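Chemist: model this:
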Amino acid sequence: MDKNEGSQSKAGPESPKPLENKTIVLGITGSIAAYKGADLASRLTQEGAVVEVVMTKEAQEFITPVALGALTRRPVVSDMFHHAASHQITHVNLGQKADIVVVAPATANIIAKLAAGIGDDELTCTVLATQSPVLIAPAMHAAMYLNRVTQDNIGRLKERGVSFVGPVEGRLASGHFGPGRFAENTDIIGAIHQILGRKGNLAGKRIVVTAGGTQEPIDPVRYITNRSSGKMGFAIAAAARDRGAEVTLVTAPVSLAAPYGVKIVRVNTAAEMFEAVAAATASADGLIMAAAVADYHVASAAANKIKRERGTLTLELAPNPDILESVKGDFARVGFAAESENLIENARKKLEKKRLDLIVANDISATDSGFGSDNNRVTLLSAGGKVEDLPLLPKSVVADRILDRLVSVLREKGHSIH
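Modeler: I've put the predicted structure just below:
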């Protein structure tokens, strides 16, 4: 039998397509980073978007329309007059049907044209014709980016409501190091999500999310922690951003990329997380405690590394403060209950004891979800007594289900929801 035969039975649930039915006009210009624009087109297509690629003549010196058409499964606009025979005004049609126009990569030349209102090719005409949001991801040599003219042009476009992502500092095609490097595609996609979610049902709300497993030091080298990966909390933070919320993510150490557009507060210990959460919730509308906070810390951590030669080691543990119980404020409270037995009973006790509006209960003994997995199987219990069992789902979908319930809680508390 082939080693891959039957592997479908072990596969997790299918991931959602968050950009389903969104039309994204992607303009690619004559930058060496044009090849990254092809990867961006592919990723957006995989997320369900209808990607309409518009290429400048200069962009085609780096990558062909055939390649972009194959990645998006859509015809590529590469000629100002290529639809003249059908009497279509392509840039007007694209500008009108776009949910967002993204220019990535954008050269200094294209930025200058747009700032001056010059439309002399299909891409600049499309940007000028659209009433939809415009996102620009610059990519150029540092000297060009830092030039006062380029900075003035960028400032002028920002005043008109155009959004920018990047550039970042790094090694450039010239071999030099500095600002001008094309932003990571993950950040560009995050910016697209954030822009498209501006009018979501959490628009104007301040949401605090915690993630990861705290680390309680034993000595300068060792610490006590748990198996939390932080994936659930990060998924919730990104999903809240995509609904228009202003998100603060308080996270213990994790090996995850920070979601674009989310304020990150990094902590190590439970005590540090408590202080950060208390500060962040001072003006918050909601707190979602997805972090696995250590219940105990070492009462007296060693100042120097403990040597093996000392033999048996006994640690005295002292309780950490319960963040959800201790933090003050009039905001919606969502907690998590990771249990290995009596799941619903233990979760309900926590719900009542901590005076929560909602608790997310998951069975950590399950092998197909929970710590480290991309999927989760949870039960949602509300203060009003409602219990909802969710099937095994990607954590991104679970995040949205949790936020659906949070929106209901906020409505019940009198918040104005779009």
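Chemist: can we go C-alpha only for contacts and neighbour counts from here?
Modeler: Fine.
Chemist: mind listing the helices for the stretch 201-350 of the chain?
Modeler: With DSSP state H, counting those that start in this stretch as the criterion, the stretch 201-350 of the chain has helices at 231-241, 270-280, 323-326, 343-353.
Chemist: ok, and which of those helices has the densest surroundings?
Modeler: Comparing the helices of the stretch 201-350 of the chain by mean neighbour count (mean count of other CA atoms under 10 Å), helix 231-241 ranks first with a mean of 27.
Chemist: Give me the residues contacting that helix.
Modeler: Here helix 231-241 makes contact (CA atoms under 8 Å, 6 or more residues apart in numbering) with 193-194, 197, 202, 207, 209-212, 246-249, 256, 258-262, 289-291, 372-374, 395-396, 399-400, 403.
Chemist: and it, how far out from the chain's middle?
Modeler: The chain centre lies 7 Å from the centre of helix 231-241; the measure is CA atoms, centre = their mean, to the nearest Å.
Chemist: Show the contacting residues for residue 380.
Modeler: By CA under 8 Å, 6+ apart, the residues touching residue 380 are 358-361, 386-390, 402.
Chemist: Tell me the predicted confidence for residue 183.
Modeler: Note for residue 183: predicted pLDDT of 96.
Chemist: So it sits against residue 136, correct?
Modeler: No: using CA atoms under 8 Å as the test, residue 183 is too far from residue 136 to be in contact (10.3 Å).
Chemist: returning to what we had before: show the buried residues in the contacts of helix 231-241.
Modeler: For these, a neighbour count by 16 or more other CA atoms under 10 Å gives the buried set as 193-194, 197, 202, 207, 209-212, 246-249, 258-262, 289-291, 373-374, 395-396, 399-400, 403.
Chemist: joint contacts of residue 183 and residue 136?
Modeler: Applying CA under 8 Å, 6+ apart, one finds that residue 183 and residue 136 are jointly contacted by residue 165.
Chemist: When the two are compared, which one has more neighbours?
Modeler: residue 136 (24 against 21; other CA atoms under 10 Å).
Chemist: what would the contacts of residue 380 look like in a markdown table with pLDDT and secondary structure?
Modeler: Shown next, in a markdown table, are the contacts of residue 380 (pLDDT from 0 to 100; DSSP: H, G, I helix; E, B strand; the rest coil):
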| residue | pLDDT | secondary structure |
| --- | --- | --- |
| 358 | 96 | strand |
| 359 | 97 | strand |
| 360 | 96 | strand |
| 361 | 92 | strand |
| 386 | 88 | coil |
| 387 | 90 | strand |
| 388 | 93 | strand |
| 389 | 92 | strand |
| 390 | 93 | coil |
| 402 | 97 | helix |
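Chemist: Most widely separated two among these?
Modeler: Longest distance between any two of these is 14.4 Å, between 358 and 390; criterion CA to CA.
Chemist: neighbour count winner among the two?
Modeler: Neighbour count, other CA under 10 Å: between residue 358 and residue 390, residue 358 has more, with 27 against 13.
Chemist: is it true that the more buried one touches residue 347?
Modeler: No: using CA under 8 Å as the test, residue 358 is too far from residue 347 to be in contact (10.0 Å).
Chemist: and for these two, which residues touch both?
Modeler: Residues touching both residue 358 and residue 347 by CA under 8 Å, 6+ apart: residue 381.
Chemist: Give me the below-cutoff pLDDT ranges for this structure.
Modeler: 1-12, 14-16, 80-91, 366-370 (pLDDT under 70).
Chemist: and residue 174, what does it touch?
Modeler: Here residue 174 is in contact with residue 141 (CA under 8 Å, 6+ apart).
Chemist: Report the secondary structure state of it.
Modeler: State at residue 174, reduced to three classes by DSSP: H, G, I helix; E, B strand; the rest coil: coil.
Chemist: From residue 163, how far off is it?
Modeler: To residue 163, residue 174 is 27 Å away according to CA to CA, to the nearest Å.
Chemist: And for residue 27?
Modeler: Residue 27 sits 15 Å away from residue 163, going by CA to CA.
Chemist: now residue 336
Modeler: As judged by CA to CA, residue 336 and residue 163 stand 36 Å apart.
Chemist: Now for residue 414, how many residues are close by?
Modeler: Residues within reach of residue 414, counting by other CA under 10 Å, total 8.
Chemist: Tell me if it really is in a helix.
Modeler: No: Residue 414: not assigned to a helix; according to three-state DSSP it is coil.
Chemist: so who does it touch?
Modeler: Residues near residue 414 by CA under 8 Å, 6+ apart: none.
Chemist: what residues go with each domain of the protein?
Modeler: 23-196, 206-412 (automatic domain parsing).
Chemist: need these in a markdown table with distance to residue 17, can you?
Modeler: Below are the domains of the chain laid out as a markdown table (distance: least, CA to CA, whole Å):
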| stretch | distance to residue 17 |
| --- | --- |
| domain 23-196 | 5 |
| domain 206-412 | 10 |
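Chemist: Which of those sits closest to residue 13?
Modeler: Of all the domains of the chain, domain 206-412 comes closest under CA to CA, at 5.9 Å.
Chemist: returning to that earlier point: and residue 147, which of the helices of the stretch 201-350 of the chain is closest to it?
Modeler: helix 231-241 (33.0 Å).
Chemist: Using PDB, write down the CA coordinates of the closest one.
Modeler: Below are the C-alpha coordinates for helix 231-241, written out as PDB (Å, rounded to 0.1, in the frame of the first residue of the first chain):
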ATOM      1  CA  LYS A 231      -2.700  29.600  17.900                       C
ATOM      2  CA  MET A 232      -6.300  30.000  19.300                       C
ATOM      3  CA  GLY A 233      -5.600  33.400  20.800                       C
ATOM      4  CA  PHE A 234      -3.800  34.600  17.600                       C
ATOM      5  CA  ALA A 235      -6.700  33.400  15.500                       C
ATOM      6  CA  ILE A 236      -9.200  35.300  17.600                       C
ATOM      7  CA  ALA A 237      -7.100  38.500  17.500                       C
ATOM      8  CA  ALA A 238      -6.900  38.300  13.600                       C
ATOM      9  CA  ALA A 239     -10.600  37.600  13.400                       C
ATOM     10  CA  ALA A 240     -11.500  40.500  15.600                       C
ATOM     11  CA  ARG A 241      -9.300  42.800  13.500                       C
END
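Chemist: Now residue 61. Nearest residue, chain neighbours left out?
Modeler: Counting by CA to CA, 6 or more residues apart in numbering, residue 61 lies nearest to residue 30, which is 7.3 Å off, once chain neighbours are set aside.
Chemist: actually residue 47, sorry about that
Modeler: Residue 47 sits nearest to residue 17 (CA to CA, 6+ apart), 4.6 Å away.
Chemist: Assumed the one you found was part of a strand.
Modeler: No: under three-state DSSP, residue 17 sits outside any strand and is assigned coil.
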